[in-house]
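Undergrad: model the following, please.
(one chain, ligands or ions: 1)
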Amino acid sequence: MVNFIIIVFLLLTAISVVLFAIGIKEAFQNLLMKRSKRKLQLKVAGKKYIGNQLVELTLKRKFPLLPLPGFLPGQYISLKFNISGKDIERCYSLANWSRFPFCYKLVIKREPQGICSGHIYDHLTVGDFVQASMPTGKFYYDRVNSFGNIVLVAGGVGITPMRSMWEYLQKHKKKGQNVVLFYSAKYRDELCYFEDFLKEADKSKGFYFYPFLSQEAVDATIYYGRLSARVISTFIAVKDISRLYMCASAQMMEDLRNGLIQAGMFEENIHFELFGVSHTGEAKACKISLGKSCTMDYEGKGTLYQFLETAGCKINGFCKAGICGNCKVKINSGKVKYLLKPDCKLNEGEILPCCCIPESDIILDELNLKRAI
Ligand code: FES
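TA: Numbering: from 1, shown residues only. So this is what the prediction gives:
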């Protein structure tokens with residue numbers, strides 16, 4: 001009888017411990033969720049044009065003596081604007097890193113069809129306030145599991161999360177670890193922070209910087225040509241790369257990823273971040289209808305999302321890279337072509353306009369796309 005009571009007592013204690021642990025875990029998760037939903041009111045403390053259609057923003061608190069919420073190198077914030085009466089939100093990777101940041105730095109490229117980037121580039125001024133999300137994102141430098149040689153690959157404005165990781169590693173690189181940054185752009189005036197990277201690689205042991213230009217030969221400090229897995233392997237043997245982080249166009253990352261895997265790199269050691277899909281080529285002109293209510297002419301330029309947004313449709317994407325699923329719409333007829341493989345679950349008849357272009361006349365469900373103009 002005594003044994004039975006002891007067993008029941010132990011069982012009840014074990015159950016209480018498990019429930020207590022679950023409670024703590026949930027409370028912690030709630031706390032994180034609340035943190036991620038908080039909004040920040042930030043002041044534009046600096047705006048600097050740093051290259052061809054590139055602007056660097058420095059954002060601070062209204063009372064700049066207080067530090068901003070910390071973040072992991074590689075994470076992003078979103079900025080929300082009201083442009084022509086419409087709320088528009090866009091994500092931008094943070095381009096700096098500090099344990100207690102007193103400012104957030106962003107580099108924004110003015111996209112030809114970009115409503116938000118155009119507004120920031122042309123109209124936002126020092127002293128303005130912007131609404132920002134808390135720093136977030138699953139793409140970040142994993143300091144616990146990153147040992148051995150680290151390779152960072154950036155294409156164009158994809159340098160921003162790499163700049164943050166580079167700054168972090170300047171302070172926290174492990175002993176014997178090498179950090180190799182490959183930075184590719186089309187033209188010299190698209191390479192931001194170029195001199196800083198050169199200087200830092202020069203004075204810091206274990207840091208290497210290899211810039212590339214694909215469309216312009218400048219001087220001996222910059223390689224001329226396309227960055228590929230084969231080119232990377234001439235600077236560092238693929239077997240010597242412990243982890244590789246990259247942020248570039250969808251096409252460049254796909255090519256690099258396939259090349260590196262073929263060369264023997266494990267897929268789980270390749271981490272990447274998309275910074276929005278763009279379509280700069282010409283697609284087929286066609287008709288896009290919203291149910292039976294209206295039909296518009298698509299002239300073959302930009303993604304379907306860019307077209308719908310410019311046309312004044314009620315569409316509110318977040319990542320612009322087929323990840324968040326916010327821009328999902330129903331398609332009633334017609335075909336679209338994806339510029340990259342969507343990374344979120346889609347039900348039958350749903351598409352992600354942010355990462356596709358129409359391939360034929362299409363009819364979209366008008367219910368969640370009502371035009372605001
Ligand atoms: S905007 Fe995120 S999936 Fe389209």
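
Undergrad: mind naming the longest strand for the chain?
TA: Longest strand of the chain, by residue count under DSSP state E: strand 39-51.

Undergrad: return stretch 76-95 as CSV; C-alpha atoms alone will do.
TA: Provided in CSV are the C-alpha atoms of stretch 76-95 (Å, rounded to 0.1, in the frame of the first residue of the first chain):
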residue,chain,number,x,y,z
TYR,A,76,15.1,42.5,-41.1
ILE,A,77,12.5,45.1,-40.1
SER,A,78,9.4,46.1,-42.1
LEU,A,79,8.5,49.8,-42.8
LYS,A,80,5.0,50.9,-43.2
PHE,A,81,3.9,53.9,-45.2
ASN,A,82,0.7,55.4,-46.3
ILE,A,83,1.2,56.3,-49.9
SER,A,84,-1.7,57.9,-51.9
GLY,A,85,-4.1,56.7,-49.1
LYS,A,86,-3.0,53.1,-49.2
ASP,A,87,-1.0,51.3,-46.5
ILE,A,88,2.1,49.7,-47.9
GLU,A,89,4.5,47.6,-45.9
ARG,A,90,8.0,46.4,-47.1
CYS,A,91,10.7,44.4,-45.5
TYR,A,92,14.3,45.5,-45.4
SER,A,93,17.3,43.7,-44.0
LEU,A,94,19.4,45.5,-41.4
ALA,A,95,22.8,46.4,-42.7
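
Undergrad: phi, psi for the residue of the chain found nearest the ligand please.
TA: Closest to the ligand within the chain is residue 317: 2.5 Å, counting by C-beta to the nearest ligand atom. Heads up, the C-betas are built off the backbone N, CA and C, glycines and all. When read as degrees, to the nearest 10, the backbone of residue 317 gives phi -90, psi 170.

Undergrad: wait, it sits on residue 354?
TA: Yes - contact status for residue 317 versus residue 354: in contact at 4.8 Å, counting by C-beta atoms under 8 Å.

Undergrad: mutual contacts of the two, please.
TA: Listed as contacting both residue 317 and residue 354 by C-beta atoms under 8 Å, 6 or more residues apart in numbering are 305, 327.

Undergrad: which of those two has more neighbours?
TA: residue 354 (29 against 26; other C-beta atoms under 10 Å).

Undergrad: what sits closest to the more buried one if chain neighbours are left out?
TA: Leaving out its chain neighbours, the residue that sits closest to residue 354 by C-beta to C-beta, 6 or more residues apart in numbering is residue 305, at 4.2 Å.

Undergrad: burial count for the one you found?
TA: With other C-beta under 10 Å as criterion, residue 305 counts 24.

Undergrad: kindly report the same for residue 311.
TA: Neighbour tally, residue 311, other C-beta under 10 Å: 18.

Undergrad: ok, and the closest non-adjacent residue to it?
TA: residue 296 (5.6 Å).

Undergrad: what about the one you found, distance to residue 228?
TA: Using C-beta to C-beta, to the nearest Å, one gets 39 Å for the distance from residue 296 to residue 228.

Undergrad: do the same with residue 43
TA: For residue 43, the distance to residue 228 - C-beta to C-beta - is 42 Å.
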